[in-house]
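J.: From the sequence below, what's the structure:
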Amino acid sequence: MKHSTLLLTALLATGTLATATTAYAAPRVTPETATLSFDCGSYGSGTATLKATQDGTAATIEVSTEAIKAPIALSENSVESTLTLTRNGSGTTTFTGNANPAIPAGGAVSTGPLNGTVASGDSLEATSLTVVVFGVTAQCTATSPQNPGPFVF
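T.: Residues are numbered from 1 along each chain as shown. Below is the predicted model of the structure:
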């Protein structure tokens with residue numbers, strides 16, 4: 001009898017632990033990665049890859065794009081960026097930051113993480129990207145929808 005009681009207690013504890021682990025799982029954005037095209041005027045045009053992460057209401061998006069090439073070598077954290085996205089098909093939100101890896105002269109611009117705030121169920125799709133390097137601003141406009149679709153938080 002004691003053996004079966006011990007077994008039952010162990011099974012109940014395991015089930016409680018499994019339920020607790022599931023209940024506290026971190027929110028997850030889908031898709032985690034999306035692509036789209038940007039036209040940056042005289043600075044160029046091309047595809048961009050966006051990678052999103054979420055931690056509660058805080059979210060980040062990293063941007064890597066062939067649309068803008070660094071005219072000279074850029075040191076870490078020297079690119080100021082603002083990514084504008086439509087929120088739930090009507091409003092807009094921005095993700096901002098000045099984090100970037102070192103970028104060699106002629107290299108594709110990568111920026112982020114760009115920081116923003118989200119609510120559960122938000123659907124975000126990029127519409128524009130503003131990049132400022134040494135006081136020079138490149139304004140990029142999305143020329144395609146995100147593929148495979150908007151980020152849903």
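
J.: I'd like to know how many residues surround Gly91.
T.: By the measure other Cβ atoms under 10 Å, the count of residues near Gly91 is 9. Where C-beta positions appear, they are placed from N, C-alpha and C, glycine not excepted.

J.: for it, which residues make a bridge with it?
T.: Beta bridges link Gly91 to Arg87 when assigned by DSSP bridges.

J.: For it, give me the pLDDT.
T.: Looking at Gly91, its pLDDT is 93.

J.: Low-confidence ranges, the protein, go.
T.: 1-27 (pLDDT under 70).

J.: Now do the helices in it.
T.: 2-23 (DSSP state H).

J.: State the distance from the residue nearest to Ala119 when sequence neighbours are not counted to Gly116.
T.: Using Cβ to Cβ, 6 or more residues apart in numbering and skipping residues adjacent in sequence, the residue nearest Ala119 is Thr57, 6.6 Å away. Using Cβ to Cβ, to the nearest Å, we find Thr57 at a distance of 10 Å from Gly116.

J.: Between the two, which has more neighbouring residues?
T.: Neighbour count, other Cβ under 10 Å: between Thr57 and Gly116, Gly116 has more, with 23 against 13.

J.: in the protein, which spans are strands?
T.: Listed in chain order, the strands of the chain (DSSP state E) span residues 33-39, 45-55, 58-69, 79-87, 91-97, 108-117, 123-133, 136-142, 151-152.

J.: who touches Thr82 in this structure?
T.: Thr94, Phe95, Thr96, Leu114, Leu129, Thr130 (Cβ atoms under 8 Å, 6 or more residues apart in numbering).
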